[in-house]
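>>> below: sequence and its predicted model.
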Amino acid sequence: VNVARRLLDLLWLAGALVLAAGTAQAHPHVWITATSELIYAPDGAITGVRHAWTFDDMFSTYALQGIETKTKGVYSREELAPLAQTNVESLKEFKFFTFAKADGKKEKFEEPVDYFLEYKDAALTLHFTLPLKTPLKSKELALEVFDPEFFIDFKFADKDPVKLVGAPAACQMKFQRPNDGSANAQKLGEQTFLSGQNSNFGMMFANKITVECP
Amino acid sequence: MSVRPKSPSSFARGLAICATAAGAILIFDGAVHVLMAQTPFGGPRPSAEPQVGGIVGWLLARQSEFYREMSATIRAAKSDGSAVWTLLAISFAYGIFHAAGPGHGKAVISSYLVANQETARRGIVLSFASALMQSLVAVVIVAVCAWLLNATAKTMCGAEKAIEIVSYAMIAAFGARLVWTKGGGFIRALQAPRPALAMASAGHGHGHDHHHHHHDHDHHHDHHHDHDHGPGQHVHDEHGGHSHGPEPSELAGPGGWRRGFGAIFAVGMRPCSGAILVLVFALAQGLFWAGIAATFVMGLGTAITVATIAVIAVSAKDLARRLSAGTEGGGTLVMRGVEFGAAGLVLLFGVGLLFGYLAAERVTCL
């Protein structure tokens, strides 16, 4: 019986390995080119994040499937309104892929406002604003945009990826792309997969925005 | 109870086998890692891809590249028919790499094969059949929802999600049944004293023959079915193994083809999100047929990867059996244990997927 127990342990281990390896190999099906604006109130507190996410042409076409328009191939903001509604509702489940920390403490977002879709050059762009639950003045604000499951690949635009809107002049913004080499990619090697910490898998693909206001 | 002194040695041997296998994988991965560092495949890459090390990173990079090329190629095919060939080539390559990712039933099929004493040849047939079914389901969903009904992405996605849940539930049910069957064999192997153990294992196989005697009609039935299908023919004489005797490798698993098709159905009914995206895109470009062709070629690539992994799983088990065969009683115990464990894995996969503990590929609902 002792043998059997050890054998079972072994099988559990093998199973865990298989699962770990399987999850780790997720790869994106949707590509988003993003730009983000951090919105500040006149008193210098950050109130929220305004995103503009442009989907790749395959996903844009998929999302537009079945949507009736007056003119073929032309989609007005009104015609796209129901889809935008669906988008923000679905994104809620994924916490809008936006994770904020103020001075090391996690911050929550309210439901998105001012959302709409725009169709241009065969691509859909989703605009929406995520208000912070409580506007805050923090020394250091860290904002990460990524999909932990890496089904969506977030790439920030080459030009003006992140902007501060109305921030106090002393605030300094730093933006880190996931492939900078300085990002998490080097810390999380293959070992991470084998140790089963797959919850952090998508971290490697995180875009990191940090704002320091002295 | 004289098993005791001998079992540990067979267990130790089993442990050694596992350790060797794990070591081999790590070494292989390490080697690829080093190779990558020296000569990045395909020349110096622009830093657009996330830098993840080893096989995983390389696979990720390849898949993404192939997938992204597909939309451009489908667009090109509108004016230049020869681009369809490029599309098919890309789809094939994508299928091979993509299947290495989660989903596509690699794990479920492999575990099933190990649990149910299936042969490598049957593993290959099952892999191809399930990949074919996955492609078919994707084509049917898009043809019905998008082409016939002009439904929105939201509706289509809802259909996908529903199918997904049914598929996971079926995998879980299938796993539960395997656990039930295999658990009996394992417990008998555990409890039986050594001399009786050999008997028990013989009785096990024998019992199955008896038990499934009334299934024989089904077997024949399936056979006809197979003949129509083609690939089944390969395995025809293989199936004759039933009459060869109770040798475990010859014993086509209990339940035979009928249960094999159960596995295919459970795994294959869940389409790949990637295929659905490609199909809808091709449909919108007025090249639905090219999308369908691409989907089936992708399925062929997927089948090759899944079959490879399935064959590795079956071979590993055969190796374990050969190595543990020296000690008669212990060997049976080890093999029953492995089968039971593999059956448990199928159940775990099903339950894990169903309740979201395990993320397979997410269905695209944005």
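Perfect, thanks for sending it. Since the structure is predicted, the reported quantities are computational estimates derived from the model, not experimental observations. Numbers count the residues shown, from 1 in each chain, chains lettered A, B, ... in the order given.

>>> from now on I want contacts and neighbour counts done on CA atoms only, so please keep to that.
OK.

>>> what sits up against stretch B:342-355?
Contacts to stretch B:342-355, defined as Cα atoms under 8 Å, 6 or more residues apart in numbering or on different chains, come from residues A:11, A:15, B:107-108, B:111-112, B:114-116, B:165, B:168-176, B:178-179, B:182, B:358-360.

>>> put the alpha carbons of it into PDB.
Output of stretch B:342-355 as PDB, limited to C-alpha atoms (Å, rounded to 0.1, in the frame of the first residue of the first chain):
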ATOM      1  CA  ALA B 342      -4.300   8.200 -16.100                       C
ATOM      2  CA  ALA B 343      -8.000   7.600 -15.700                       C
ATOM      3  CA  GLY B 344      -8.000  10.000 -12.800                       C
ATOM      4  CA  LEU B 345      -6.200  12.600 -14.900                       C
ATOM      5  CA  VAL B 346      -8.900  12.500 -17.600                       C
ATOM      6  CA  LEU B 347     -11.500  13.100 -14.800                       C
ATOM      7  CA  LEU B 348      -9.400  15.900 -13.400                       C
ATOM      8  CA  PHE B 349      -9.100  17.500 -16.800                       C
ATOM      9  CA  GLY B 350     -12.800  17.400 -17.400                       C
ATOM     10  CA  VAL B 351     -13.700  18.700 -13.900                       C
ATOM     11  CA  GLY B 352     -10.900  21.300 -14.000                       C
ATOM     12  CA  LEU B 353     -12.000  22.600 -17.400                       C
ATOM     13  CA  LEU B 354     -15.600  22.600 -16.500                       C
ATOM     14  CA  PHE B 355     -15.200  24.600 -13.300                       C
END
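
>>> report the rounded mean pLDDT for that stretch.
In this model, stretch B:342-355 has a mean pLDDT of 84.

>>> and what of stretch A:58-65?
pLDDT averaged over stretch A:58-65 gives 92.

>>> distance from that stretch to the middle of the chain?
Relative to the centre of its chain, stretch A:58-65 is centred 20 Å away, using Cα atoms, centre = their mean, to the nearest Å.

>>> list the buried ones in that stretch?
A:58-65 (16 or more other Cα atoms under 10 Å in any protein chain shown).

>>> also stretch B:337-350?
In stretch B:337-350, counting by 16+ other Cα under 10 Å, buried: B:337-350.

>>> closest to B:L149 among these?
The closest of the buried residues of stretch B:337-350 to B:L149 turns out to be B:G350 (Cα to Cα; 31.7 Å).

>>> so which helix or strand takes in that closest one?
Using DSSP states H and E, B:G350 sits within helix B:328-354.

>>> contacts for the longest strand that chain A contains?
For chain A, the longest strand by residue count, based on DSSP state E, is strand A:123-136. Applying Cα under 8 Å, 6+ apart, the contact partners of strand A:123-136 are A:45-57, A:60-61, A:84, A:107-119.

>>> near chain B, from the buried residues of stretch A:58-65?
When contact is defined as Cα under 8 Å from any Cα of the partner chain, the buried residues of stretch A:58-65 meet chain B at A:58-59, A:61-65.

>>> those residues: which two are farthest apart?
Taking Cα to Cα, no two of these sit farther apart than A:M58 and A:Q65, at 11.0 Å.

>>> what sits against whichever residue of the stretch 101-250 of chain B sits closest to chain A?
Proximity of the stretch 101-250 of chain B to chain A (Cα to the nearest Cα) peaks at B:T152, 4.2 Å away. Neighbour list for B:T152: A:63-67, B:145-146 [criterion: Cα under 8 Å, 6+ apart].
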